[in-house]
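Colleague: Got a predicted structure plus its sequence, pasted below:
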Amino acid sequence: MEILVIGCGVSGLSCGIRLLEAGFSAQIWARDLPPRTTSNVAAAVWYPYKAYPEHLVVGWSAASYADFVQLAQLPETGVVQHAGIEIFPWIVEDPWWRAAVPGFRHATADELPDGYRDGYVFEAPVIEMPVYLGYLIQRFESLGGQIVVRRLASVDEAFAHYDRVIDCAGLGARELVGDSTLTPIRGQVVRVAQGGSSASGWTTMGRVASPTSSRVRTTVSWAAPPTRAVKT
Ligand SMILES: Cc1cc2nc3c(=O)[nH]c(=O)nc-3n(C[C@H](O)[C@H](O)[C@H](O)COP(=O)(O)OP(=O)(O)OC[C@H]3O[C@@H](n4cnc5c(N)ncnc54)[C@H](O)[C@@H]3O)c2cc1C
């Protein structure tokens, strides 16, 4: 069976690879290829965030986590396992995704910086996306997949050629299937040096004291490229 995947970001490439591995014939059509995708600029830390329904997401997250642990064995994937601590100024419950992460635990008092009362200690996959996307393209093509640069005006255009279509167009789904609820938001990626915790080699993922005082603001933005790099 021939299946068309729309989109060549991390979703389209991952779907395409899984389809080929399962014995289907798959082709990708995409308006833009890496490095001109949103996937290229993701910070790409494994962390289930505002994804629902949680009882299903926890299983998907666990499966992804296990796959990324395997991929981290291969330097060419750009995937690494990072030990980290997420710190809180108050006592927190276990996160709903705890079951997905082997070795998850709460921080001990001596692991917490001044002013913080609790923390999650765990290893998470961190992915260097330009490297990972290159790896996925190579894997997709070596399995016999073809990537075609083609902008679709609607999914009907895809169904005119294929009976089975998987839409991995990201924000492009807004126009492809008329989903006006999709809204782009601008994010900020902060790169920090390893360290920051009393335990050597850890990355500290701090939260601001109150969710309402977050200094990383998000606004609606259709701008594709990063607008500014700041080094302090
Ligand atoms: C600053 C930032 C930080 C992020 N950090 C993280 C993080 O730490 N962890 C995490 O999990 N996620 C993170 N994300 C989110 C993550 O980047 C996205 O969820 C993910 O990249 C979406 O991948 P995708 O393949 O679905 O879409 P995209 O990468 O957007 O790819 C969409 C593809 O569809 C194609 N397309 C669109 N419209 C059409 C059309 N009409 N015809 C043909 N092709 C079309 C595009 O050209 C492209 O090839 C971050 C995002 C940003 C912006």
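Modeller: Sure thing, it's come through.
Colleague: Which residues are in contact with the residue positioned nearest the centre of the chain?
Modeller: The central residue of the chain, meaning the one whose C-alpha is nearest the mean C-alpha position (Cα atoms, centre = their mean), is A44 at 4.6 Å. The contact partners of A44, taken as Cβ atoms under 8 Å, 6 or more residues apart in numbering, are V126, I127, E128, M129, Y132. In this view, the C-beta of every residue, glycine as well, is placed from N, C-alpha and C.
Colleague: My guess is W96 contacts E54. True?
Modeller: Yes: at 5.0 Å, W96 counts as touching E54 under the criterion of Cβ atoms under 8 Å.
Colleague: quick one: is stretch 99-110 near the ligand?
Modeller: No: Stretch 99-110 stays out of contact with the ligand when judged by Cβ under 6 Å from any ligand atom, the minimum separation being 13.3 Å.
Colleague: related to what we said a few turns ago, can you tell me which of the contacts of A44 is closest to L4?
Modeller: Y132 (23.0 Å; Cβ to Cβ).
Colleague: The closest one is in what secondary structure piece?
Modeller: Element membership of Y132 [criterion: DSSP states H and E] is helix 129-142.
Colleague: what's the answer for I87, then?
Modeller: strand 79-88.
Colleague: what pLDDT, on average, does that strand get?
Modeller: Computed over strand 79-88, the mean pLDDT rounds to 91.
Colleague: picking that back up, distance check, the residue nearest to the centre of the chain against the ligand.
Modeller: Counting by Cβ to the nearest ligand atom, to the nearest Å, the gap from A44 to the ligand is 5 Å.
Colleague: which residues touch Y135?
Modeller: Here Y135 is in contact with E76, T77, G78 (criterion: Cβ under 8 Å, 6+ apart).
Colleague: repeat that for 10 Å
Modeller: With contact taken as Cβ atoms under 10 Å, 6 or more residues apart in numbering, Y135 is in contact with L13, L71, L74, E76, T77, G78, V79, I127, E128.
Colleague: what residues are shared contacts of W96 and E54?
Modeller: P48, S61.
Colleague: Break the protein into its domains for me.
Modeller: By the assignment in automatic domain parsing, the chain contains the domains 1-40+128-182, 45-127+183-232.
Colleague: Can you give me the end-to-end span of the first one?
Modeller: The stretch domain 1-40+128-182 measures 31 Å between its terminal residues, going by Cα to Cα, to the nearest Å.
Colleague: do stretch 92-112 as well
Modeller: 14 Å.
Colleague: Over to stretch 164-184?
Modeller: According to Cα to Cα, stretch 164-184 extends 27 Å from its N-terminal end residue to its C-terminal end residue.
Colleague: That stretch and the ligand, are they touching?
Modeller: Yes: judged by Cβ under 6 Å from any ligand atom, stretch 164-184 comes into contact with the ligand at C168, A169, G170, L171, G172, L176.
Colleague: Quick one: the helices in this structure, in order.
Modeller: Assignment of helices within the chain using DSSP state H yields the ranges 10-21, 54-71, 129-142, 155-159, 173-176.
Colleague: interface residues of the protein facing the ligand?
Modeller: Counting by Cβ under 6 Å from any ligand atom, the chain comes close to the ligand at 6-12, 29-32, 37-39, 41-45, 151-152, 168-172, 176, 187, 189.
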